[in-house]
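Colleague: Next comes the sequence, and after it the predicted model I'd like to discuss.
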Amino acid sequence: MTQNMLNEKRIPLMRSEMIRIKARALRRGVWFRVLTKVERACLDLAIKVVERVRSYLLQKVLSSILKKLEEAMESQVLRLMRNIGGTLAQTLSQIAQKWGNKSAIHWVKNSGFIQYLTITYMNKP
């Protein structure tokens with residue numbers, strides 16, 4: 001077994017966690033929009049039947065469904081921070097370091113700076 005498989009097995013999926021994610025997905029309107037009928041049925045059935053998922057195969061299937069829901073519920077700002085803001089921060093940090101700003105090396109890890117750059121990017125005409 002690989003290290004990833006071992007790490008995935010250590011975190012058991014619980015009914016309460018699946019219910020919590022399903023409720024959030026329904027409130028945000030992504031439950032029907034993102035999941036297929038089969039995926040919804042799998043998750044609903046697991047919630048009804050299983051208290052804690054022990055099967056590696058079932059855990060793998062449910063994890064992919066839950067990951068799909070989590071990604072759909074993620075805010076646009078966070079998604080852009082991950083995809084664009086980090087790259088912008090890295091570019092500006094490198095330029096500032098070339099100009100002699102020694103503290104610019106920390107800009108890449110500063111989430112406030114990354115969020116600022118992302119929102120500026122979003123509001124650009």
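Modeller: Perfect, I can see it now. Residues are numbered from 1 along each chain as shown.

Colleague: What are the structural domain limits within the protein?
Modeller: Using automatic domain parsing, the domain parsing of the chain gives 3-73, 77-122.

Colleague: and the most centrally placed residue in the chain, what helix or strand is that in?
Modeller: The centroid of the chain falls nearest to residue 71 when counting by C-alpha atoms, centre = their mean (5.0 Å). Element membership for residue 71 (DSSP states H and E) is helix 56-73.

Colleague: If you count contacts, what does that helix end up packed against?
Modeller: The elements that helix 56-73 packs onto, with contact taken as 3 or more C-beta pairs under 8 Å, 6 or more residues apart in numbering; DSSP states H and E, are helix 3-10, helix 15-28, helix 31-34, helix 37-49. All C-beta atoms are positioned from the backbone trio N, CA, C, and that covers glycine.

Colleague: wait, which of the ones you listed is closest to residue 122?
Modeller: Taking C-beta to C-beta, helix 15-28 is the member of those nearest to residue 122, at 19.9 Å.

Colleague: Which elements pack onto the closest one?
Modeller: So helix 15-28, by 3+ C-beta pairs under 8 Å, 6+ apart, packs with helix 31-34, helix 37-49, helix 56-73.

Colleague: what about the second one, distance to the chain center?
Modeller: If you compare the mean C-alpha spot of helix 37-49 with that of the full chain, they lie 21 Å apart, counting by C-alpha atoms, centre = their mean, to the nearest Å.

Colleague: what's stretch 86-103 in contact with?
Modeller: 104-105, 107-108, 110, 113-114, 117-118, 121 (C-beta atoms under 8 Å, 6 or more residues apart in numbering).

Colleague: what's the span of stretch 93-105 from first residue to last?
Modeller: 6 Å (C-alpha to C-alpha, to the nearest Å).
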